[in-house]
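In: The following block contains a protein sequence and its predicted model.
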2 protein chains.
Amino acid sequence: MEPGKEVSPFLIFETINAYQSSNAFAACLKLDLFSNIKAEGSTADDIASDCGMSQKGARVLADTMTVHGFLSKEGGTYKLTEVSEKFLTKDSPAYLGGTAQFLLTPKLTEGFRRIDEAAVKGGTVIDEEGTLGDDDPVWIDFARGMMPMMMPSAIAIADHLEWERDKPLKVLDIAASHGIFGIMIGQKYPNAQIYGVDWKNVLPVAEENAAKFGMAERYNKIEGSAFEVDFGQGYDVALLTNFLHHFNAETNSRLIKKIGESLNPDGVIITLEFIPNDDRVSPPGEALFAAVMLATTPEGDAFTFKELDSMFREAGFENNRQVPLPPTPQHLVISTR
Amino acid sequence: MEPGKEVSPFLIFETINAYQSSNAFAACLKLDLFSNIKAEGSTADDIASDCGMSQKGARVLADTMTVHGFLSKEGGTYKLTEVSEKFLTKDSPAYLGGTAQFLLTPKLTEGFRRIDEAAVKGGTVIDEEGTLGDDDPVWIDFARGMMPMMMPSAIAIADHLEWERDKPLKVLDIAASHGIFGIMIGQKYPNAQIYGVDWKNVLPVAEENAAKFGMAERYNKIEGSAFEVDFGQGYDVALLTNFLHHFNAETNSRLIKKIGESLNPDGVIITLEFIPNDDRVSPPGEALFAAVMLATTPEGDAFTFKELDSMFREAGFENNRQVPLPPTPQHLVISTR
């Protein structure tokens, strides 16, 4: 038996133990370990007293985060790494702790713990409608949590929109959530009016963000379900971001048709989605998203471009173009009639 | 903003989502997906009907396993990879599905979900004694599940024991569990008598395994707690495998002293442990084990060699030698007086 020639079960144990890094990371965010690391470095004793935990807990969590690359350690002193300093300390404008805590919400992780049952059934076994119930409070957490993560895509969408700077622009933002997609368009186009559609309890988050960006008077709320509420008329652009993956193809075509009825004839729909290749196993980030939808939604999926193209054609949009947004695992689909 | 120059939050999302691969993998084992992949390959439809799940569930789980390297996919056909064929199909003698299912026991994963509380407290918050209660049924699952994973280390221990082939040898196996460590010594030394110490409900598993290896009459049971039961006298070797990490240093020294009292003056103790370097953040497998002990035991730890050496010296064993066992994350400590 030559070393290295044998198939090693390493990958198996790595996969079994993977959940431990999510849990340890979540614990550090909850205890705000990263914000408490001093610029000159902190010892386990410092962390213990600054975060209100045992010396042993501080040492083990800090060592674990060091192994994962979120801290460095020299002697007994821990320091932030680039990634933790930028994204994991509360004072940083790019703080992602809220996003992380949302993504580790027990309601979402519970769906995954029962993905065996979801696989048998063909959809989530959490509640009747997974996380999608009317006014589910998870969407408020989502709105607050996901904004920093979505900022790069929001900027990319505004960049891909070709419009004259000062010309009036009417934008429909479906399932606006934090509102950042519409807001970034509003930042680029001073005469843009944004109409955000979402549940009544969520829209105040978008409104709040619009105010932060100095465009409260250009932000308009349309409260209710995107499938039922009247969007009004005369939109130049509709944004359909991270929404289609929650539903089946037929439901999506119906929604796109409804959006089309509110859109000007030369209007454009900009969709943001996880879009795996036709093989459905690449790229990894896009492909793995299918399991998230299986575990947490009744009929959602990570659709291929072919599938999305066919939904849009079904709804009267013949020209659909895919634009990848590296390094994110997301892509745009830009659609016109 | 040059691409590649910016710090990416990729590591954060990878860490957040890590639990999903554990869950999806556990689901595939539970549904016995790997054993059901045909030699000529299976489609999602085949997997759905062979494993009793929805077509969509089969497709999403199989794609997810393909991304993780446990299947390959060509066209719509999935095949086993080397690692899944060897370790994840029930007919394979190296099947690790039982081990994996043990390691993903809700009682163990629950400890990790509450590692924030464990960090505050300095030890597990699951039950009063974590998984360590008297006759806790988790140890029966452990005994059955962990044997295949421990086989390479068991063979290594027998290899490191220097003894004349036919000379009588009396071996004390502390917390024998599946019994495989003592049994492998018995395989190498035909006149070895093995004395396995463990809870009354667990020892039948070791006995069963001894019978499988044709040495039932050389396997002797000592039922009870290693801290309380009388081991008897005249042992040449004591095995202390994956046991010390559950307890604090003082408790361990006391146990080693008790073992010493049953050991011949020139007897040897062979310890198997996760032993991180003094920095406690390398190698990764060894270092990360400290968090497992924080989450699941009251006072356990991944001890450094210095710490173990000091426990053994405290108990009268002055000569302690560390032997790494790559590619496993475990090491031997070979101790004499």
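Out: That came through, no problem.
In: Name the nearest residue to the spatially most central residue of chain A, sequence neighbours excluded.
Out: Using CA atoms, centre = their mean, the residue of chain A that lies closest to the mean C-alpha position is A:Met146, 5.4 Å off. With CB to CB, 6 or more residues apart in numbering or on different chains as the measure, A:Thr99 is the residue that lies nearest to A:Met146, at 5.5 Å, once sequence neighbours are left out. Glycine gets a C-beta too; all of them are placed from N, C-alpha and C.
In: In contact with that neighbour, which residues?
Out: Contact criterion CB atoms under 8 Å, 6 or more residues apart in numbering or on different chains gives A:145-149 as the residues in contact with A:Thr99.
In: let's go with 7 Å and repeat that
Out: Contact analysis of A:Thr99 by CB atoms under 7 Å, 6 or more residues apart in numbering or on different chains lists A:145-146, A:148-149.
In: before we move on, what about A:Glu314?
Out: Contact analysis of A:Glu314 by CB under 7 Å, 6+ apart lists A:Ser253.
In: circling back: which helix or strand contains the residue nearest to A:Met146?
Out: Using DSSP states H and E, A:Thr99 maps to helix A:97-103.
In: all strands of chain A, in order?
Out: Remark: strands assigned in chain A by DSSP state E are A:71-74, A:77-80, A:169-174, A:192-198, A:219-223, A:235-241, A:263-273, A:319-324, A:331-336.
In: Can you pull out the low-pLDDT segments for the stretch 51-200 of chain A?
Out: Across the stretch 51-200 of chain A, residues meeting the criterion (pLDDT under 70) sit at A:128-135, A:138.
In: Distance from the helix holding A:Thr99 to the middle of the chain?
Out: Remark: helix A:97-103 is offset 10 Å from the chain centroid, using CA atoms, centre = their mean, to the nearest Å.
In: next one: stretch A:189-202
Out: 18 Å.
In: And the spatially closest residue to A:Lys306 that is not a sequence neighbour, how far from A:Leu29?
Out: Nearest non-adjacent residue to A:Lys306, counting by CB to CB, 6+ apart: A:Asp278, 6.3 Å away. Distance of A:Asp278 to A:Leu29, computed by CB to CB, to the nearest Å: 37 Å.
In: Ok, A:Ala210 next?
Out: 27 Å.
In: what domains does the record give for chain A?
Out: A:10-95, A:106-336 (automatic domain parsing).
In: now these in a markdown table, with distance to B:Glu228?
Out: Converted to a markdown table, those look like this (distance: least, CB to CB, whole Å):
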| stretch | distance to B:Glu228 |
| --- | --- |
| domain A:10-95 | 27 |
| domain A:106-336 | 38 |
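In: what about these, which gets the closest to B:Gln233?
Out: For the domains of chain A, proximity to B:Gln233 was assessed by CB to CB; domain A:10-95 is nearest, at 37.2 Å.
In: which residues sit in contact with the closest residue to A:Glu318 other than its chain neighbours?
Out: For A:Glu318, ignoring the flanking residues on the chain, the nearest one in space by CB to CB, 6+ apart is A:Arg337 at 6.3 Å. Contact analysis of A:Arg337 by CB under 7 Å, 6+ apart lists A:265, A:316-318.
In: Mind giving me the PyMOL select for those, buried ones only?
Out: Selection of buried members from these for PyMOL, criterion 16 or more other CB atoms under 10 Å in any protein chain shown:
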select buried, chain A and resi 317
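In: and which of the contacts of A:Arg337 is nearest to B:Ala206?
Out: B:Ala206 lies nearest to A:Phe317 out of the contacts of A:Arg337, by CB to CB, at 67.2 Å.
In: Distance check, the closest residue to the closest one other than its chain neighbours against B:Lys79.
Out: By the measure of CB to CB, 6+ apart, the closest residue to A:Phe317 outside its immediate chain neighbours is A:Ser335, 4.3 Å from it. Distance of A:Ser335 to B:Lys79, computed by CB to CB: 37 Å.
In: So for the two, which sits in the more crowded spot?
Out: A:Ser335 (28 against 17; other CB atoms under 10 Å in any protein chain shown).
In: pretty sure that one contacts A:Gln322?
Out: No. Taking contacts as CB atoms under 7 Å, A:Ser335 lies outside contact range of A:Gln322: 10.3 Å.
In: I'd like to know how many residues surround A:Val268.
Out: Neighbours around A:Val268, by other CB under 10 Å: 21.
In: residues touching it, list them.
Out: A:237, A:334-336 are the contacts of A:Val268 under CB under 7 Å, 6+ apart.
In: ok, it to chain B distance?
Out: To chain B, A:Val268 is 25 Å away according to CB to the nearest CB, to the nearest Å.
In: same check, this time on A:Tyr78
Out: A:Tyr78 is 10 Å from chain B, by CB to the nearest CB.
In: which residues sit in contact with that residue?
Out: A:37, A:41-42, A:62, A:66, A:71.
In: nearest spatial neighbour of A:Thr43, skipping sequence neighbours?
Out: Spatial nearest neighbour of A:Thr43, chain neighbours left out: A:Gly76 (5.1 Å); criterion: CB to CB, 6+ apart.
In: for the longest helix along chain A, packing partners?
Out: Under DSSP state H, the helix in chain A containing the largest number of residues is helix A:138-160. In terms of contacts (3 or more CB pairs under 7 Å, 6 or more residues apart in numbering or on different chains; DSSP states H and E), helix A:138-160 is packed against helix A:97-103, helix A:180-188, helix A:203-212, strand A:263-273, strand A:331-336.
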